[in-house]
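Participant: Please find the sequence and the predicted model below.
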Protein chains: 2
Amino acid sequence: MSRAPTPTSAGRTRARKGEGELLHSEILDAAERLLIETGSEEAVSIRRIAEAVGVTPPSIYLHFADKDELLLAVCERQFGELHRVMEEAVVGVDDPVEQLYRRGKAYVRFGLDHPEQYRILFMRAADHTMGGPDAERVRSASSFDHFVDAVARAVDSGALPKDSDPLVVALELWSVVHGITSLLIAKPMFDWPDPDALTDHLLTSACAGLMTTPPFSAPQRRRSRR
Amino acid sequence: MSRAPTPTSAGRTRARKGEGELLHSEILDAAERLLIETGSEEAVSIRRIAEAVGVTPPSIYLHFADKDELLLAVCERQFGELHRVMEEAVVGVDDPVEQLYRRGKAYVRFGLDHPEQYRILFMRAADHTMGGPDAERVRSASSFDHFVDAVARAVDSGALPKDSDPLVVALELWSVVHGITSLLIAKPMFDWPDPDALTDHLLTSACAGLMTTPPFSAPQRRRSRR
DNA sequence: CCGATAAGTTAACGGCGTTATCTTCAGCCC
DNA sequence: GGGCTGAAGATAACGCCGTTAACTTATCGG
């Protein structure tokens, strides 16, 4: 009756010429909301996002190259907080190994708090850019470089074997926390014990093992064990 | 010219009335081949499988409930071998901890040898059956129960702390090997050191940590560490 | 006020998983 | 041996998807 536009569901007025950056973040918000609500990547379609924002599907492509880029942007926005959370987890902790432990715990908890985003970032192939940029984005989202620094401090303190390569140790610890996080996300119906306590114990074991095991050395022919 | 049927591409003659079980395994073969060739789950469409087998898409549904069931069947057929491979890896090994180590190495190697199947089985949500049967199928595909038994032998031998819960330790070791396997599969462009040597070192550390760390205990209020 | 251009729409393409409905042929009994 | 039955498979279609080409509309600089 009135001349309200009401194109689909939400009435939208066209953005000013400066930038449709407003729509940009509105799209991110809607995509994130749908992702959390449905709990599944493929249930979040471009068409549903567009409808939620009150716009037609092709308009999404004015702001994101494709669906993958959009989902990645949602996840990266969320995981920008991971670094902050990890830093908060180590305030007032002097022992650098205890710091590693706390960072690990914070990582697992953060992943379990944002399972869909975690899955998209870390449990999929990187077919998207395949080779270059994606590695950097994953590094950034996982705060990997800060983790390497934290490991380096532990090596310098003498708590970890002197010749340990911080990069390798960080990759190993990352494997451990990623393993438990991703399994808990992907297979929650397994009869898991309390995730927090399990993470506690596993990280304690892993740190103890790394402190007492001779450091990694490159692929010499056949390594001796035990 | 001749009266060859040639419905789409491969000439197929209708199966005998006994069962189209022939087609059943032909579909599995084609799906597996496509999965390996394309290296991506969503590139394997029902239509492409049907074309490869020489049949129309709906015929697939005479043999499999849906696409997910078909893909799962492909993966389970492959991972039926995992148990055998792990058993082969421990022949002649007496030390039960060394056995755990070798099982872990075999698991990682097998996963890396069949990355697409690994991803489908262990890196996706179990939305499919969600709750019941899937847990059993994952248990079976990962040979988890045999792994628990192997851990129990290590506990009985005294190599692992006396009161360790074999189920919990097995979950922890599974987390470790799954972590490194899935990260290597999902993020191969990271600058990984040699996967074999890395798995060596990580498993050695993990076993050492588990042998020296007090056993896991249930979620009492606040656990002490270090 | 008027063109340029950014913001958004309309219409459509090709592909997907899946279903309802129809055809055809192998096997069985009389 | 001829007709019935039921399994194996085909045809056609539905509704969804991501994405693109082409068009419209409103905002802003001059």
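Facilitator: The structure has been received and is ready for your questions.
Participant: so, in contact with chain B or not, the helix or strand in which A:His146 is found?
Facilitator: Assigned by DSSP states H and E, A:His146 falls within helix A:144-156. No - Helix A:144-156 stays out of contact with chain B when judged by CB under 8 Å from any CB of the partner chain, the minimum separation being 8.6 Å. Any C-beta I mention is one placed from the backbone N, CA and C, and that applies to glycine too.
Participant: now the lengthiest helix in chain A, how far from the centre of its chain.
Facilitator: If you go by DSSP state H, chain A has its longest helix at helix A:67-89. Offset of helix A:67-89 from its chain centre (CA atoms, centre = their mean, to the nearest Å): 6 Å.
Participant: by how many degrees do that helix and helix A:144-156 diverge?
Facilitator: 30 degrees (axes from the mean of the first three to the mean of the last three CA atoms, to 10 degrees).
Participant: So is the helix or strand that helix A:67-89 is followed by next to chain B?
Facilitator: Past helix A:67-89, further along toward the C-terminus, the next helix or strand under DSSP H and E is helix A:96-113. Yes - contact of helix A:96-113 with chain B (CB under 8 Å from any CB) involves A:97-98, A:101.
Participant: worst-scoring helix or strand of chain A, pLDDT-wise?
Facilitator: One helix or strand of chain A scores below all others by mean pLDDT, DSSP states H and E: helix A:133-141, with a mean of 85.
Participant: Show me what it is in contact with.
Facilitator: Helix A:133-141 has contacts (CB atoms under 8 Å, 6 or more residues apart in numbering or on different chains) with A:72, A:75-76, A:79-80, A:82, A:121-122, A:126, A:128, A:144-145, B:187, B:189-191.
Participant: Quick one: distance of that helix to the chain centre.
Facilitator: Centroid separation between helix A:133-141 and its chain, computed with CA atoms, centre = their mean, is 10 Å.
Participant: hang on, the earlier thing: output the residues of helix A:96-113 next to chain B in a markdown table, with neighbour count, distance to B:Leu173 and pLDDT appended to each entry.
Facilitator: Formatted as a markdown table, the residues of helix A:96-113 next to chain B follow (neighbours: other CB atoms under 10 Å in any protein chain shown; distance: CB to CB, whole Å; pLDDT from 0 to 100):
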| residue | neighbour count | distance to B:Leu173 | pLDDT |
| --- | --- | --- | --- |
| A:Val97 | 20 | 21 | 96 |
| A:Glu98 | 16 | 24 | 96 |
| A:Tyr101 | 23 | 19 | 96 |
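Participant: ok, so of the residues you listed, who is nearest B:Ser217?
Facilitator: Nearest to B:Ser217 among these: A:Tyr101, at 17.5 Å, using CB to CB.
Participant: Now find how far off-centre the helix holding A:His146 is within its chain.
Facilitator: 19 Å.
Participant: Stretch A:29-40 too?
Facilitator: The answer for stretch A:29-40 is 16 Å, by CA atoms, centre = their mean.
Participant: What of stretch A:83-91?
Facilitator: Its chain's C-alpha centre lies 15 Å from the corresponding centre of stretch A:83-91 when counted by CA atoms, centre = their mean.
Participant: pLDDT on that stretch, on average?
Facilitator: Mean per-residue pLDDT for stretch A:83-91: 96.
Participant: neighbours around A:Arg102, how many?
Facilitator: Using other CB atoms under 10 Å in any protein chain shown, A:Arg102 has 20 neighbouring residues.
Participant: For A:Val177, see how far away it is.
Facilitator: A:Arg102 sits 12 Å away from A:Val177, going by CB to CB, to the nearest Å.
Participant: what does A:Ser142 give?
Facilitator: A:Ser142 sits 10 Å away from A:Val177, taking CB to CB as the criterion.
Participant: between these two, what contacts are shared?
Facilitator: Looking at what touches both A:Ser142 and A:Val177 (by CB under 8 Å, 6+ apart), the common residues are A:Tyr107.
Participant: rewinding a little: widest-spaced pair of the contacts of helix A:133-141?
Facilitator: Spatial extent of the contacts of helix A:133-141 (CB to CB) is set by the pair A:Gly80 and B:Asp191 at 23.1 Å.
Participant: Comparing those two, which shows the higher neighbour count?
Facilitator: A:Gly80 (12 against 8).
Participant: ok, back up a step: would you mark the buried spots in the least confident helix or strand of chain A?
Facilitator: A:134-135, A:137-139, A:141 (16 or more other CB atoms under 10 Å in any protein chain shown).
Participant: Please work out the angle formed by the directions of the host helix or strand of A:Val177 and helix A:96-113.
Facilitator: Assigned by DSSP H and E, A:Val177 belongs to helix A:166-186. Interaxial angle, helix A:166-186 versus helix A:96-113 (the same axes, to 10 degrees): 30 degrees.
Participant: Let's test this: mean pLDDT of the helix or strand following helix A:166-186, rounded?
Facilitator: From helix A:166-186 onward toward the C-terminus, using DSSP H and E, the following helix or strand is helix A:195-212. Helix A:195-212 shows a mean pLDDT of 96 in the predicted model.
Participant: Does anything pack onto helix A:195-212? Which helices or strands?
Facilitator: helix A:96-113, helix A:166-186, helix B:166-186, helix B:195-212 (3 or more CB pairs under 8 Å, 6 or more residues apart in numbering or on different chains; DSSP states H and E).
Participant: For the last one, list the C-alpha coordinates in PDB.
Facilitator: So the one you mean is helix B:195-212. The C-alpha trace of helix B:195-212 is given here as PDB (Å, rounded to 0.1, in the frame of the first residue of the first chain):
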ATOM      1  CA  PRO B 195      56.400 -35.900   7.400                       C
ATOM      2  CA  ASP B 196      57.800 -39.200   8.200                       C
ATOM      3  CA  ALA B 197      60.600 -37.800  10.400                       C
ATOM      4  CA  LEU B 198      58.100 -35.400  12.000                       C
ATOM      5  CA  THR B 199      55.700 -38.200  12.900                       C
ATOM      6  CA  ASP B 200      58.600 -40.100  14.300                       C
ATOM      7  CA  HIS B 201      59.600 -37.300  16.600                       C
ATOM      8  CA  LEU B 202      56.100 -36.400  17.700                       C
ATOM      9  CA  LEU B 203      55.100 -39.900  18.400                       C
ATOM     10  CA  THR B 204      58.300 -40.500  20.400                       C
ATOM     11  CA  SER B 205      57.700 -37.400  22.400                       C
ATOM     12  CA  ALA B 206      54.000 -38.300  23.000                       C
ATOM     13  CA  CYS B 207      54.800 -41.800  24.200                       C
ATOM     14  CA  ALA B 208      57.600 -40.500  26.400                       C
ATOM     15  CA  GLY B 209      55.200 -37.900  27.900                       C
ATOM     16  CA  LEU B 210      52.400 -40.500  28.500                       C
ATOM     17  CA  MET B 211      54.900 -42.800  30.200                       C
ATOM     18  CA  THR B 212      56.000 -40.100  32.700                       C
END
